[in-house]
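1. This is a predicted model, with the sequence first.
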Amino acid sequence: MERCGRRMAHFAATVPNLVGWFIITMAPNFEILFAGRILQGLSIGMLSPLRSVLIGEYASPKNRGAFLTTVSLAQSFGVFFVHLIGSLLSWQQTALVCVFFPFMSFVMTMYSPETPSWLVTKGRHEECRRVFHWLRGHDEDDELDDMIESRLLFEKAKISASFGKKKNRLRRMLTTIQKKEFYKPIILMLHAHVLVNFAGGTTMSAYSTLIIGVVMGPEVNAHFWMIFLGAQRFISNTLAVFAINKFKRRTMMFATGGLSIFTQFALAGYVYFKQQGTLPYDALWIPILLINLKFFAVATGMLPLPNVIGGEVFPLEYRSIGGTISLASFSATFFLVLKTFTGLVDSVGMYGAYMVYGGIITYCMVVIWFLLPETKDKTLQQIEDEFRGRPLAPEEIEVRKSLQADPIVTYKRRMSERRCSGPIPF
């Protein structure tokens with residue numbers, strides 16, 4: 001993603017997914033089926049850090065949140081769609097239908113440009129400006145100029161530092177880790193991904209029949225409620241696309257996080273007293289309401305917001321490595337939750353599992369309260385500066401002055417400011 005660009009990385013991630021679905025469709029035995037799933041796992045691992053970065057760099061600040069929310073919307077649609085057609089078709093036919101989605105993704109990538117942010121890191125300022133205008137028009141040139149100037153400033157400062165003293169790779173790595181704009185977003189996203197996995201969507205997708213049977217009772221139609229909750233998740237995600245442009249990120253995060261904490265502890269109390277036979281009043285609508293509120297909180301905030309925030313908080317220089325580290329934590333937490341849930345339920349019961357998850361969510365919300373800045377309607381450069389948390393140092397001011405007076409840099413800037421018409425050379 002950093003070396004070859006976001007567009008080429010998207011090609012590389014889509015091909016294994018496409019091939020994997022074809023292999024699953026024609027798999028004659030378990031070994032071939034497993035090989036197809038390995039290719040899909042490879043594809044998902046590559047796409048996970050890429051998707052938020054790609055959308056975040058394409059989109060305007062005023063629309064960025066809504067576009068990033070479509071990541072979770074697409075996931076919700078996928079879960080609902082596969083559950084629906086899987087109940088009507090065989091698994092081979094279902095896999096054949098699913099081939100359509102990575103194929104369309106591959107075709108769309110062919111007609112998509114490289115992101116302006118990546119182009120500016122490679123010094124291709126004129127092409128960056130053309131692509132930026134093709135994506136957003138000429139109304140946001142201030143952001144474009146700021147992005148180009150900041151990158152030129154960074155390159156100038158790096159060249160100046162290289163003349164002063166040479167650092168080995170280990171020292172450079174330690175210096176990078178100590179920068180606020182590097183470690184703060186990573187810590188923030190680590191907790192955001194723990195939050196989304198322990199909020200309940202992960203366990204409900206994998207163990208829906210077990211959870212529904214314990215919470216609602218064995219007499220309910222678990223298959224019906226599985227499809228119903230998938231549809232509810234999709235509708236709630238659709239609402240989140242519109243809500244994300246109306247409300248601030250912190251407002252949505254803590255409103256839905258508070259609702260999620262409430263439903264976790266409420267479900268724990270309900271299941272405990274129900275199993276003890278001490279409920280003063282019980283009816284089916286109580287667990288139905290609590291589970292639907294829980295899914296509403298997950299679908300409108302816990303699930304989409306980490307994708308939104310992950311596409312906004314990482315600085316340009318560390319966007320690839322930062323996104324990769326944070327998504328690795330998501331995969332590790334996802335694996336941990338899936339592999340320990342049934343054992344946790346066997347050990348402390350369903351109510352105990354909800355209590356543990358509620359405590360973890362509460363801890364994550366406290367950490368996020370102190371680390372998450374408000375990012376709505378801010379440019380990526382403004383968010384990066386906010387994480388840096390300090391004004392320009394005297395040597396950086398001197399570099400900026402030198403940058404503005406440098407005739408070579410001035411020439412490059414003038415070349416980048418040329419208005420070009422015609423098709424974009426993707």
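-> That came through, no problem. These numbers come from a predicted model, not from an experiment. Numbering: from 1, shown residues only.
2. Specify the local secondary structure of Glu312.
-> The three-state assignment at Glu312 reads coil, by DSSP: H, G, I helix; E, B strand; the rest coil.
3. and it, what does it touch?
-> Glu312 makes contacts with 56, 64, 68, 375, 378, 380, 383, as judged by C-beta atoms under 8 Å, 6 or more residues apart in numbering. In this view, the C-beta of every residue, glycine as well, is placed from N, C-alpha and C.
4. Helix, strand or coil: sort out the nearest residue to it once chain neighbours are set aside for me.
-> Distances taken as C-beta to C-beta, 6 or more residues apart in numbering put Thr375 closest to Glu312, at 4.6 Å, once the chain neighbours are dropped. Judged by three-state DSSP, the three-state class of Thr375 is coil.
5. do Lys378 as well
-> When the structure is split into helix, strand and coil by three-state DSSP, Lys378 lands in coil.
6. what's around Val313, how many residues?
-> Neighbourhood size, Val313 [other C-beta atoms under 10 Å]: 29.
7. Same question for Ala199.
-> Residue neighbour count, defined by other C-beta under 10 Å, stands at 29 for Ala199.
8. So which of the contacts of Glu312 is the closest to Val79?
-> Sorting those by how near they are to Val79, with C-beta to C-beta, puts Leu68 at the top with 18.6 Å.
9. re earlier: now list the buried members of the contacts of Glu312.
-> Neighbour-count burial (16 or more other C-beta atoms under 10 Å) is assigned, among these, to 56, 64, 68, 375, 378, 380, 383.
10. ok, these vs Ala283, which is closest?
-> Leu68 (39.2 Å).
11. Tabulate the buried ones among the contacts of Glu312 (CSV), appending pLDDT.
-> Below are the buried ones among the contacts of Glu312 laid out as CSV (pLDDT from 0 to 100):
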residue, pLDDT
Gly56, 86
Arg64, 87
Leu68, 87
Thr375, 89
Lys378, 86
Leu380, 82
Ile383, 86
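12. how much space between Gly213 and Ile186?
-> When distance is defined by C-beta to C-beta, to the nearest Å, Gly213 is 39 Å away from Ile186.
13. Oh, that last question was meant for Tyr111, not what I typed.
-> Distance check for Tyr111 against Ile186: by C-beta to C-beta, it reads 33 Å.
14. Between those two, which has more neighbouring residues?
-> For the pair Tyr111 and Ile186, the greater number of neighbours falls to Ile186 (19 against 7), based on other C-beta under 10 Å.
15. for the lengthiest helix in the chain, packing partners?
-> Scanning the chain for the helix with the most residues, using DSSP state H, yields helix 319-371. Taking 3 or more C-beta pairs under 8 Å, 6 or more residues apart in numbering; DSSP states H and E as the contact definition, the neighbouring helices and strands of helix 319-371 are helix 30-58, helix 180-198, helix 201-206, helix 208-215, helix 249-276, helix 304-310.
16. Looking at those, which is nearest to Phe106?
-> Closest of these to Phe106 is helix 30-58, at 11.4 Å (criterion: C-beta to C-beta).
17. Follow the chain on from that closest one and name the next helix or strand.
-> Sequence order places helix 61-86 as the next helix or strand after helix 30-58, per DSSP states H and E.
18. closest to Phe242 among the buried ones among the contacts of Glu312?
-> Compare each of the buried ones among the contacts of Glu312 with Phe242 using C-beta to C-beta and the shortest gap goes to Leu68, at 13.4 Å.
19. leaving aside the residues next to it on the chain, what's closest to the closest one?
-> Leaving out its chain neighbours, the residue that sits closest to Leu68 by C-beta to C-beta, 6+ apart is Val308, at 4.1 Å.
20. how far away is the residue sitting nearest the centre point of the chain from Pro113?
-> The centre of the chain sits closest to Asn307, judged by C-alpha atoms, centre = their mean, with a distance of 2.4 Å. When C-beta to C-beta is the yardstick, Asn307 and Pro113 sit 22 Å from each other.
21. which parts of stretch 371-385 are buried?
-> 371-373, 375-376, 378-381, 383-385.
22. Make a markdown table from those residues and add distance to Phe22 to it.
-> What follows is the buried residues of stretch 371-385, written out as a markdown table (distance: C-beta to C-beta, whole Å):
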| residue | distance to Phe22 |
| --- | --- |
| Leu371 | 43 |
| Leu372 | 41 |
| Pro373 | 44 |
| Thr375 | 40 |
| Lys376 | 41 |
| Lys378 | 43 |
| Thr379 | 41 |
| Leu380 | 37 |
| Gln381 | 42 |
| Ile383 | 40 |
| Glu384 | 41 |
| Asp385 | 46 |
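23. Of the buried ones among the contacts of Glu312, just say which sits nearest to Ile227.
-> Set against Ile227, the nearest of the buried ones among the contacts of Glu312 by C-beta to C-beta is Leu68 (26.9 Å).
24. hang on, the closest one packs against Val53?
-> No - here Leu68 lies out of contact with Val53, judged by C-beta atoms under 8 Å, at a distance of 10.2 Å.
25. tell me the pLDDT at Arg172?
-> Predicted confidence (pLDDT) at Arg172: the value is 70.
26. residues contacting Ile261?
-> Under the criterion of C-beta under 8 Å, 6+ apart, the contact list for Ile261 reads 358, 361-362, 365.
27. any idea how far stretch 306-315 is from the chain center?
-> For stretch 306-315, the gap between its own C-alpha mean and the chain's C-alpha mean amounts to 7 Å (C-alpha atoms, centre = their mean, to the nearest Å).
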